[in-house]
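Colleague: Sequence and predicted model, in that order:
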There are 2 protein chains.
Amino acid sequence: MLSAVTTDAMPLDRRRRRRLETIEEVLDVAVEIMTEQGVAGLSIGEVARRMGIRPPSLYVYFASKEAMYDALFERGARLVLEHVRAATADIDTDDRTTEAIMLDAAASFVRWSVEHPAYTQLLFWRPVPGFAPSAEAYAPAVELVALMNDRLTVLQRRGLLRADADIDLVQRDWTVLISGVVSQQLSNAPDEPFDSGAFTSRLPTLVAMFCDHYNSPARGNRNARKR
Amino acid sequence: MLSAVTTDAMPLDRRRRRRLETIEEVLDVAVEIMTEQGVAGLSIGEVARRMGIRPPSLYVYFASKEAMYDALFERGARLVLEHVRAATADIDTDDRTTEAIMLDAAASFVRWSVEHPAYTQLLFWRPVPGFAPSAEAYAPAVELVALMNDRLTVLQRRGLLRADADIDLVQRDWTVLISGVVSQQLSNAPDEPFDSGAFTSRLPTLVAMFCDHYNSPARGNRNARKR
DNA sequence: GTCTATATGACGATAGAC
DNA sequence: GTCTATCGTCATATAGAC
């Protein structure tokens, strides 16, 4: 009886696990294709070809091509969210300078972005005509914005950012810097590695500019004027 | 006899003029479509439909869809090149501060970019799978880089930028700022006008950061450290 | 230069057998 | 869940009449 329960239940679990594994494989292959051909170059047929199955079989896992893009968007947003979360987890105890803390955070994000160009394009540009992510897929992206806001607020409370700075504006300026580096690197020299990229290597200087502006004056900024 | 020459020659000129006008009209319609549907959403059929002709007729003017993209790339690059050239033409006599000069230059470029999102995406991102501009189409883009380098060199010679700054690095940092603003504005709030955009309105602060860093110390920068 | 007609093919998606 | 078969649509591109 008890074994009957397990033999009834376990295959179901296995099937669901197997199904999820297949979905993951589909998404892996899709990312591979987008990386090679560009995000808008993804096609159901090419995914099936590389998986050794026929195109209609994919409709068991995704209702449409747009649903596949949606899953890719959500996956990418989750990945980058967790990446940033992990890279900035110790921000409330990190006793280095503002500049060192910010540079590490920036480098972590930019590295991930240039090493995952397909996700980056899908998440931060608009390369697919007609595609807009669903609210569910967009949720982790919203959370990322909130997380960055939290992190900056912590820095400000610790006295590492000017007390009179508006965190929303700080965040906007910060994202301009970061996305500028990513955008320039990916569109002008996508094959250069992060460590020696013509634009990624400008991060120290750019972060220094930023910190000189937003540093707390008490912490030694010699150029404290309000804007 | 003389009139025979003119009646022979003039129609040819008119035909060539008419042909060029038609080509311009095709490109106008193509930009319209790319603006609405995304750059990768351009299709020959839709261009023909909006022009009230049949798709095959377009092949009289463009050998392929890629040739059309190529013409659009070149046109966009020429437009932005001339726009920047005009906006910075008086840089060797402009007697305002570095910050004022740079802010105007930045605003001019960013305004053009957000008001011409189709060209911007085609020129500065890579939204069309398989398309790469020809050397001819790319030429004005190369010239734009050279022009910006010239302008920055003039500023440095006039003592408005640190004498010890490497202009190539200054230019890279500058393009990061500019492209960051454009990228963030277009991907997060493409419909906001330049004057009230969440990111375009950050330009004064961002340019100030930049100038505080690269300003000539003699001109009153209180934060002169070398990087 | 524009048209009709057509070649050719890819694509997304569905129906239904197994 | 996978397949074959197929639909419908759209696309780029060419041939040849007018």
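Modeller: Everything's here; your move.
Colleague: I'd like to know which residues of chain A are adjacent to DNA strand C.
Modeller: A:42-46, A:55-56, A:59, A:63-66 (Cβ under 7 Å from any atom of the strand). (Glycine included, C-beta is placed from N, CA and C.)
Colleague: between those, which has the most around it?
Modeller: Within the residues of chain A next to DNA strand C, residue A:42 tops the neighbour count with 24 neighbours, counted by other Cβ atoms under 10 Å in any protein chain shown.
Colleague: Out of the residues of chain A next to DNA strand C, which comes closest to residue B:161?
Modeller: Distance to residue B:161, by Cβ to Cβ, is smallest for residue A:42 among these, at 44.6 Å.
Colleague: correct me, but the closest one touches residue A:36?
Modeller: No - with contacts counted by Cβ atoms under 8 Å, residue A:42 stays clear of residue A:36, the gap being 10.0 Å.
Colleague: Let me know whether stretch A:19-31 sits next to DNA strand D.
Modeller: Yes - legend: contact between stretch A:19-31 and DNA strand D by Cβ under 7 Å from any atom of the strand is shown at A:19, A:22.
Colleague: got the buried residues for that stretch?
Modeller: Neighbour counts over stretch A:19-31 (16 or more other Cβ atoms under 10 Å in any protein chain shown) mark A:22-23, A:26-27, A:29-31 as buried.
Colleague: Rebuild the residues you listed as a markdown table, extending it with pLDDT and secondary structure.
Modeller: Listed next are these as a markdown table, based on pLDDT from 0 to 100; DSSP: H, G, I helix; E, B strand; the rest coil:
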| residue | pLDDT | secondary structure |
| --- | --- | --- |
| A:22 | 97 | helix |
| A:23 | 98 | helix |
| A:26 | 98 | helix |
| A:27 | 98 | helix |
| A:29 | 98 | helix |
| A:30 | 98 | helix |
| A:31 | 98 | helix |
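Colleague: ok, so of those residues, who is nearest DNA strand C?
Modeller: Distance to DNA strand C, by Cβ to the nearest atom of the strand, is smallest for residue A:30 among the buried residues of stretch A:19-31, at 10.3 Å.
Colleague: Contact residues of chain A facing DNA strand D?
Modeller: A:15, A:18-19, A:22, A:52-57, A:60-61.
Colleague: List the contacts of residue A:79.
Modeller: Residues in contact with residue A:79, defined by Cβ atoms under 8 Å, 6 or more residues apart in numbering or on different chains, are A:112, A:116, A:119.
Colleague: redo that, cut-off 10 Å
Modeller: Going by Cβ atoms under 10 Å, 6 or more residues apart in numbering or on different chains, residue A:79 touches A:112, A:116, A:119, A:123, A:140.
Colleague: residues near the nearest residue to the last one once chain neighbours are set aside, how many?
Modeller: In space, not counting the residues next to it along the chain, residue A:140 is nearest to residue A:77; the distance is 3.9 Å by Cβ to Cβ, 6 or more residues apart in numbering or on different chains. Counted with other Cβ under 10 Å, the neighbours of residue A:77 add up to 22.
Colleague: For residue A:77, identify the helix or strand it belongs to.
Modeller: Taking DSSP states H and E as the definition, residue A:77 sits inside helix A:65-87.
Colleague: Now do that helix, average pLDDT.
Modeller: Here the mean pLDDT over helix A:65-87 is 98, rounded to a whole number.
Colleague: and if you look at stretch A:54-62?
Modeller: The predicted confidence, averaged over stretch A:54-62, sits at 97.
Colleague: Give me the residues contacting it.
Modeller: Under the criterion Cβ under 10 Å, 6+ apart, residues A:19-20, A:22-23, A:25-27, A:30, A:43-49, A:51, A:53, A:64-65, A:67-71 lie in contact with stretch A:54-62.
Colleague: Output it as PDB, nothing but the C-alphas.
Modeller: Provided in PDB are the C-alpha atoms of stretch A:54-62 (Å, rounded to 0.1, in the frame of the first residue of the first chain):
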ATOM      1  CA  ARG A  54      10.900  18.400 -34.400                       C
ATOM      2  CA  PRO A  55       9.500  21.900 -34.000                       C
ATOM      3  CA  PRO A  56       6.000  20.900 -32.900                       C
ATOM      4  CA  SER A  57       7.400  19.000 -29.900                       C
ATOM      5  CA  LEU A  58       8.500  22.400 -28.400                       C
ATOM      6  CA  TYR A  59       4.900  23.400 -28.100                       C
ATOM      7  CA  VAL A  60       4.500  20.900 -25.300                       C
ATOM      8  CA  TYR A  61       6.700  23.200 -23.200                       C
ATOM      9  CA  PHE A  62       6.000  26.600 -24.600                       C
END
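Colleague: Distance from that stretch to the middle of the chain?
Modeller: For stretch A:54-62, the distance between its averaged C-alpha position and the chain's averaged C-alpha position is 27 Å (Cα atoms, centre = their mean, to the nearest Å).
Colleague: how is chain A carved up into domains?
Modeller: Under the assignment automatic domain parsing, the domains of chain A span A:1-62, A:66-226.
Colleague: weakest of those by average pLDDT?
Modeller: Across the domains of chain A, domain A:1-62 gives the lowest mean pLDDT, at a mean of 88.
Colleague: Show the subsequent helix or strand relative to the helix holding residue A:77.
Modeller: Remark: after helix A:65-87, the chain's next helix or strand is helix A:98-115, criterion DSSP H and E.
Colleague: list the buried ones in that following helix?
Modeller: Residues of helix A:98-115 classed as buried: A:98-99, A:101-107, A:109-114 (neighbour count, 16+ other Cβ under 10 Å).
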